[in-house]
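J.: I need the structure of the sequence given here:
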Amino acid sequence: MEAKPPSASAVETYQIMMPSHSNPSWKNGEIELGAVNGGAILNLIDNIAGIAALRHCRTRVVTASIDSMSFLNPVHVGELLVLKASVNYVGRTSLEVGVRVETENLRTGERKKTGSAYLTFVAIDENGKPIPVPPLDPQTPEEKRRYEEAKIRRKQRLANIREMESA
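T.: Residues are numbered from 1 along each chain as shown. Below you'll find the predicted structure:
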């Protein structure tokens, strides 16, 4: 299999946050639109990460894990959610995809980092069995930095799995 650079599968997408994405809240006894529900954002993160993984592997992939998601700033109805995903690391049958989440105020153009997440996907065949994925060839200093950091996260992820299995 030929190695691929992260740029070959990177994805960026946008979503205006609508009332259907929000948590209800009450003010003076009236329902008002609150912050966007974290689950709605996690769904978008999983979707865009899956697209990046699929573009890299060009075969079916399934989500194996989401390491963590911290919300640094709230997301409000009416804001533009900006999601950027790229493959950071590739193992034999799995790969890590990083997703950066930002909000953009459409009136002012101001952007804020909302959070980031790391997801692991496994490439599978038509029988649901893991299959090899193409190697990753980081090109830029940023891609190389993300690759090295992902190797560290992978070691920790595998140690966590071993610990859970032995418990």
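J.: every contact and neighbour count from this point should use C-alpha atoms.
T.: Will do.
J.: which other residues reach stretch 134-153?
T.: With contact meaning Cα atoms under 8 Å, 6 or more residues apart in numbering, stretch 134-153 is reached by 1-6, 56-57, 88-91, 96.
J.: wait, I meant stretch 14-21
T.: Residues contacting stretch 14-21 (Cα under 8 Å, 6+ apart): Leu33, Val36, Asn37, Ala40, His76, Val77, Gly78, Glu79, Leu80, Leu81, Val82, Leu83.
J.: contacts only, for Thr114.
T.: Phe71, Leu72, Asn73, Pro74, Val75, Arg100, Val101, Glu102, Thr103.
J.: relative to Leu81, how far out is it?
T.: Distance from Thr114 to Leu81, counting by Cα to Cα, to the nearest Å: 9 Å.
J.: restricted to strands, list the contacts of stretch 134-153.
T.: When the contacts of stretch 134-153 are checked against strands (DSSP state E), the matches are Asn88, Tyr89, Val90, Glu96.
J.: okay, the residue minimising distance to the centre of the chain: pLDDT?
T.: The centre of the chain sits closest to Val99, judged by Cα atoms, centre = their mean, with a distance of 3.6 Å. Listed pLDDT for Val99 reads 97.
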